[in-house]
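okay, sequence plus prediction incoming.
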Amino acid sequence: MRYWLMKSEPAGFSIDDFLAMPNQTTPWDGVRNYQARNFMRDQMKVGDQVFFYHSNCKEPGIVGLAEVSRAAYPDQTQFNPKSHYYDPKATPEKPRWVHVDVRCLQKTRLVSISELRSHPELARMRTLQQGNRLSITPVDPAEWRFICERLLGIKAARATAR
DNA sequence: GCCAACGTTGGC
DNA sequence: GCCAACGTTGGC
């Protein structure tokens, strides 16, 4: 099992929107970056644990916990000419973009990016690196545990199991 | 709104 | 396959 951080702009899709989804589940569609796509396609498995992160907003940071609930499958928005995410080079026979489904497990307090940066234990976190723009980044198990247990006070049971 | 840091595009 | 121009991301 792996750990991830997934960014969303709350103006478009917030933690509250996430929780309001049927079964608290959303297709993570609209990703149009190859590295992020490859993470979903090649590495993300059902049960992988996810930090849900608000980006490009007043208070950027981690706001919830989620998990991968379905492995990668074709992103339907790429075939829809009316969609903002339409990709004329993609066909149902040869899809270019895939995504996973993600289920929200719980809202957490805001752990802001400045708080994350203040901990030397997290200095190497991928999402905190200068110039990082990836909307999906891997999280090291030690970083996951530190954030869950030390910052959120949540027993990261699944972090130690398996 | 600024702008640094990336990623993508397309001419050559 | 290079690389300049352009577009996007996202913290500040």
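Nice, thanks for sending it over.

from DNA strand C, how far out is the residue nearest to A:F146 when sequence neighbours are not counted?
Closest residue to A:F146 apart from its sequence neighbours, by C-beta to C-beta, 6 or more residues apart in numbering: A:E121 at 5.0 Å. Glycine gets a C-beta too; all of them are placed from N, C-alpha and C. To DNA strand C, A:E121 is 18 Å away according to C-beta to the nearest atom of the strand, to the nearest Å.

what sits against A:E121?
Residues in contact with A:E121 (C-beta atoms under 8 Å, 6 or more residues apart in numbering) are A:142-143, A:146, A:150.

out of those, which are buried?
A:143, A:146 (16 or more other C-beta atoms under 10 Å).

now, which of the contacts of A:E121 lie close to DNA strand C?
For DNA strand C, no contacts are drawn from the contacts of A:E121 by C-beta under 7 Å from any atom of the strand.

and the pLDDT at the nearest residue in space to A:R117 that is not next to it in sequence?
Excluding its sequence neighbours, the residue lying closest to A:R117 (C-beta to C-beta, 6+ apart) is A:L128, at 5.9 Å. With respect to pLDDT, A:L128 has a value of 94.
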